[in-house]
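Trainee: Just a sequence and a predicted model for now, questions to come.
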Amino acid sequence: MDAPATAHKPKGTVKRFAKAVVKHAATGFKKTPDDVFEMRQKECAKCEHNNGKTCNKCGCQIVGWPNKLAWDSESCPVGKW
Ligand code: SF4
């Protein structure tokens, strides 16, 4: 299935993902606590940069797997969480 028309991959997405994996590994692949995951979901759900599957700011997937919301080492690129 094609991504929504508004979805785009910001330049450097693959490099950012590789760095995120290294950071995630450095924490022992620590997952986000449930309450923090839910807070992140709520913030992304109402965010103008959410295209329904990925974040248009960082290009990271925010639903399904892999999902940056579930990685404790991750943060929002515009400081919403
Ligand atoms: S990670 Fe941040 S900028 Fe991206 S969709 Fe979520 S709240 Fe918005």
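Mentor: Received it, and whenever you're ready, just let me know what you need.
Trainee: Can you check the pLDDT for the residue nearest the centre of the chain?
Mentor: Residue closest to the average C-alpha location in the chain (Cα atoms, centre = their mean): residue 68, at 3.4 Å. Looking at residue 68, its pLDDT stands at 95.
Trainee: Pretty sure it sits against residue 20.
Mentor: Yes - contact criterion Cβ atoms under 8 Å: residue 68 and residue 20 qualify, at 6.9 Å. Where C-beta positions appear, they are placed from N, C-alpha and C, glycine not excepted.
Trainee: Now the common contact residues for those two.
Mentor: Taking Cβ atoms under 8 Å, 6 or more residues apart in numbering as the contact rule, residue 68 and residue 20 both touch 60, 74.
Trainee: Grab the nearest non-local neighbour of residue 64.
Mentor: In this structure, residue 64 finds its nearest non-sequential neighbour in residue 53, 7.3 Å apart by Cβ to Cβ, 6 or more residues apart in numbering.
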